[in-house]
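In: next one to model:
(chains A and B)
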Amino acid sequence: MDNINRLSIIHLDLDAFFASVEQRDNPAYRDKPLIVGGISGGGVSNLNRGVVCTASYEARKYGIRAGMPIWEARQKCPRGIFVPTQMNKYLKESRKFFQVCSTYTPLIEPLSVDELFLDVSGCESLFGSSEIIGRKIKERVYQELGLKVSVGIAENKFLAKIATNLGKPDGFYIIPSKDIQKILYPLPISALWGIGKKTEELLNKSGIYRVEQLARMPDSILENLLGKNAKKIKLLAQGIDENPVTPPSTAKSIGKETTFSTNITEKEILVKELLKLSQQVGYVARRKSYKGRTITLKIRFQNFTTFNRSKTLENPTNLDDIIFKTVVELLGKVRCKKGGVRLLGIKLSNLASGNERKQLKLLREEEDKKGDKLEQLTQSLDKIREKFGTKAVTRASLLSNPKR
Amino acid sequence: MKFICSQESLLHGIQIVQKGISTKIGLPIYNGILFEVSNDNKIHLFATDLEIGIDYYIPAQVIESGSVVIPNKIIGELIRKFPEGNIEIESLENNNIIIRENNATYKILGFSGEEFSNFPEIKIKSKIKIKQKIFKETIYQTIFATSKDESGSFLSGVLFKIINNKIEVVATDSHRLSYKNIQGIKPVPGETNIEKNSTDEIEIIIPYRALSELYKLLSDDEDVFTEIRVGERQIMFILYPDGRNNIRLYSRLIEGQFPNYHQIIPNSFKTEIKVNNDDFRDKMERISLFVREDLNIVKMEAINKKENSKIKERCEIILKAESPSIGEALERIPCFKKGEDIIITFNSKYILDVIRVIKADNILIKLNDPLSPAIITPDKDKSYIHIIMPVRTD
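Out: All right, here's what the predicted structure looks like:
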């Protein structure tokens, strides 16, 4: 009984997620080799240029794997059904899946859209053992989403994930603590985290094929082979993983600051620096799809007195121009001290994620229309920077003066 | 300058004019009240922050004329602490002020009265008279919808549009809009809500601050009027224009073009809900404890049940709120509903703001869809309309 209670980590993985959603929604696809992939939104005509995102279990029998080029998949399975991805649809299902899981514990660590860890220690008195919780989630996901989920339960994250893989598809697999060696030792070394193709080849050359061999190998020899990672890998091979289930931390603020090499007295230079910082803060916020309502300017003078001035906007933003306009306004409120400025910083806080909620307006003023355009412009600039590097487009004022 | 007056009337006068003072102004002299004494046994009190100004006269026994500015905070506190009876105030040459009461003597450092600004002369374009009670209620029902931003745009003021025999009063912060229509301008003095001296159409935007101070000064008495004198860039309100002790308040006007609000007010609706105001307000206040911190989100559902009762329109509003840091909440409020079912999300603060200023027993909530403006009005009073934009949730 004691052993059972220690099995508090549950790993859940939706089986052939994208393909299963499509098969659920289109009866014609069921029990047939279905390949979801291609360029998102590119339609079927673009399918050939993409890669496989998910293959149904029927398609996997033909040797089709995620990441394979579509043309290769077509060669392997000419009669397969190829459909483009519909990411929004999958994300919606993913959210429902997370919601089901979150009714049992707040300790959830997402790995991807279709995979997560739960730590249910302490929840047993509410919902029953991890086995009961695992069964309940599996049943609910099937009933509420119409999807199959594989469940693995063990005493740590690593073993729980191993359990899921052993049970797949539609699996429910528990690794009791007493059976760890029995189950883990015969597995190929590639089952361990941190052993990729290259490491596997390297170890194979030394005659190491199974987990048991790693688990029993003296530290010094293993260190020679694997370097720094040796210890971690050996522990995993022994079934030991002490990483806790960690829910994703939500950012409280996004900030950047600059310390000048010489103290700055010219306002023009300060403003230019603020523009640079605004762009950096805005970019990070957009990448993480956060918007913030409060913008803070931090300014430190030569004598180390530091001022923080902030302003809270009506609607959250992540646009460079709005951040910049606000900090310049805030800069105007700081009485500059003799000796110049040592440090400037910008912080965006009071964060809300993404676009999801917005107080609508009755009056669409010129400024709002400008705001929409600004948003589009910023998005285009971000795309260019992602493609060609951060310096591909920049403000004229941020270019260093051309030398004559 | 030297005079004697009663503690009571001095305190009364100070409390009226000190509403004109704003701590935001950086000049110390304007944190004071101007005392001007001429020989007609009246003391003129005046305070201003240069945006608005309030003046008032109190009766006194004048011994020597002159003027001085006395710091507001200390004079107000001091006079309040004196017992009823006579107080003597005298200014010395260096603007020191001596205050005597029975055996007490206080000296306050003041400022020269000559350096203080004057109550402005306003060149009057139009003059109207309106019942204070109606004016007060109008301010109460509109002023909260102004924008709190201090840029001085038209959003931070209230529009008064005076056309023929009515005044339209409108305030908006661009998320919501309050509209009040004051009817009944008649030429007979004393028997009307409003008197007006010309047929000109007047459109002015009065700053929030002027109206909020005015609100505190206006009376609930049915029979008293206030006179409004509209100038080019300024406006003046004279409370109790017929009495001798009148209060005057002036303010600058906000320049700018108010948007066409008639375009914004929808006039057809897919859903119309009638609900008891007190019930709705109590439950909205309660559920507001559970709103999400930033946009105060409350979801409102009005859906007819299939197994409906005998009265076809009987329905209920369901309010839902959730806060990640607190928990979840649900309220049910019986209502009558005509038209389609709806689920819509609001900022609960906007809803509370308006239902708190409607005195009617029942309110009407008129809706079209989750992204379109909602209207809240008193059940039977067509003179007041409030519009709120919902919150978009995806």
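
In: what is the mean pLDDT for stretch B:260-270?
Out: The predicted model gives stretch B:260-270 an average pLDDT of 90.

In: which residues touch that stretch?
Out: Stretch B:260-270 has contacts (Cβ atoms under 8 Å, 6 or more residues apart in numbering or on different chains) with A:362-363, B:159, B:170, B:172, B:177, B:179, B:339-340, B:342, B:366-369, B:372-373, B:375, B:385, B:387. All C-beta atoms are positioned from the backbone trio N, CA, C, and that covers glycine.

In: for that stretch, which positions count as buried?
Out: For stretch B:260-270, burial by neighbour count (16 or more other Cβ atoms under 10 Å in any protein chain shown) applies to B:261, B:264, B:269.

In: would you map the strands across the stretch 201-350 of chain A?
Out: Assignment of strands within the stretch 201-350 of chain A using DSSP state E, counting those that start in this stretch yields the ranges A:253-264, A:290-301, A:306-317, A:341-353.

In: taking strand A:341-353 as reference, get the angle to the second one.
Out: Pointing back at strand A:290-301 there. Computed with axes from the mean of the first three to the mean of the last three Cα atoms, to 10 degrees, the direction of strand A:290-301 lies at 160 degrees from that of strand A:341-353.

In: now strand A:290-301 against strand A:253-264, angle please.
Out: 30 degrees.

In: hmm, back to that, of the contacts of stretch B:260-270, buried ones?
Out: Buried among the contacts of stretch B:260-270 (16+ other Cβ under 10 Å): A:362-363, B:159, B:170, B:172, B:177, B:179, B:339, B:342, B:366-368, B:373, B:375, B:385, B:387.

In: what's near enough to touch the residue of the stretch 1-150 of chain B at minimum distance from chain A?
Out: Using Cβ to the nearest Cβ, the closest approach of the stretch 1-150 of chain B to chain A is made by B:Asp149 at 7.9 Å. Contacts for B:Asp149 (Cβ under 8 Å, 6+ apart) come out as A:314, B:155-156, B:173.

In: can I get the residues you listed in a markdown table with pLDDT, secondary structure and distance to B:Ile16?
Out: Below are the contacts of B:Asp149 laid out as a markdown table (pLDDT from 0 to 100; DSSP: H, G, I helix; E, B strand; the rest coil; distance: Cβ to Cβ, whole Å):
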| residue | pLDDT | secondary structure | distance to B:Ile16 |
| --- | --- | --- | --- |
| A:Glu314 | 76 | strand | 35 |
| B:Leu155 | 89 | helix | 29 |
| B:Ser156 | 91 | helix | 24 |
| B:Asp173 | 91 | coil | 29 |
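
In: and which of those is nearest B:Tyr250?
Out: Taking Cβ to Cβ as the measure, B:Tyr250 lies nearest B:Ser156 of the contacts of B:Asp149, at 17.9 Å.

In: which residues does that closest one contact?
Out: B:146-150, B:207-208, B:254.

In: what's the neighbour count on B:Glu93?
Out: 5 (other Cβ atoms under 10 Å in any protein chain shown).

In: mind listing what it touches?
Out: No residues are in contact with B:Glu93 under the rule Cβ under 8 Å, 6+ apart.

In: and it, its phi and psi?
Out: Per-residue torsions, B:Glu93: phi -60, psi -40 (degrees, to the nearest 10).

In: ok, the one 5 residues further on next?
Out: When read as degrees, to the nearest 10, the backbone of B:Ile98 gives phi -110, psi 130.

In: follow-up on the earlier one: which of the strands of the stretch 201-350 of chain A sits closest to B:Gly20?
Out: strand A:306-317 (28.2 Å).

In: could you give the angle of the closest one to strand A:341-353?
Out: Relative orientation of strand A:306-317 and strand A:341-353, computed by the same axes, to 10 degrees: 30 degrees.

In: ok so, going back, out of the contacts of B:Ser156, which end up buried?
Out: B:146-147, B:207-208, B:254.

In: how deep is residue 282 tucked in, by neighbour count?
Out: Assuming you mean chain A. Neighbours around A:Gly282, by other Cβ under 10 Å: 26.

In: look at chain B instead
Out: With other Cβ under 10 Å as criterion, B:Asp282 counts 14.

In: tell me who's in contact with it.
Out: Here B:Asp282 is in contact with no residues (criterion: Cβ under 8 Å, 6+ apart).

In: any idea which element it lies in?
Out: In the assignment (DSSP states H and E), B:Asp282 maps to helix B:277-287.

In: biggest separation within the contacts of B:Asp149, which pair?
Out: Most distant of the contacts of B:Asp149, by Cβ to Cβ, are A:Glu314 and B:Ser156, 13.2 Å apart.

In: list the contacts for the one residue in chain A that gets nearest to chain B?
Out: The minimum distance from chain A to chain B, using Cβ to the nearest Cβ, falls at A:Leu360 (4.1 Å). Neighbouring residues of A:Leu360 by Cβ under 8 Å, 6+ apart: B:175, B:371, B:389-392.

In: out of those residues, who's nearest A:Lys228?
Out: Nearest member of the contacts of A:Leu360 to A:Lys228, counting by Cβ to Cβ, is B:Arg392, at 50.0 Å.

In: isn't the closest one right up against B:Leu371?
Out: Yes - judged on Cβ atoms under 8 Å, B:Arg392 makes contact with B:Leu371 at a distance of 6.2 Å.

In: need the strands of the stretch 201-350 of chain A in a markdown table (columns: distance to A:Ser112).
Out: Below are the strands of the stretch 201-350 of chain A laid out as a markdown table (distance: least, Cβ to Cβ, whole Å):
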| stretch | distance to A:Ser112 |
| --- | --- |
| strand A:253-264 | 24 |
| strand A:290-301 | 20 |
| strand A:306-317 | 27 |
| strand A:341-353 | 18 |
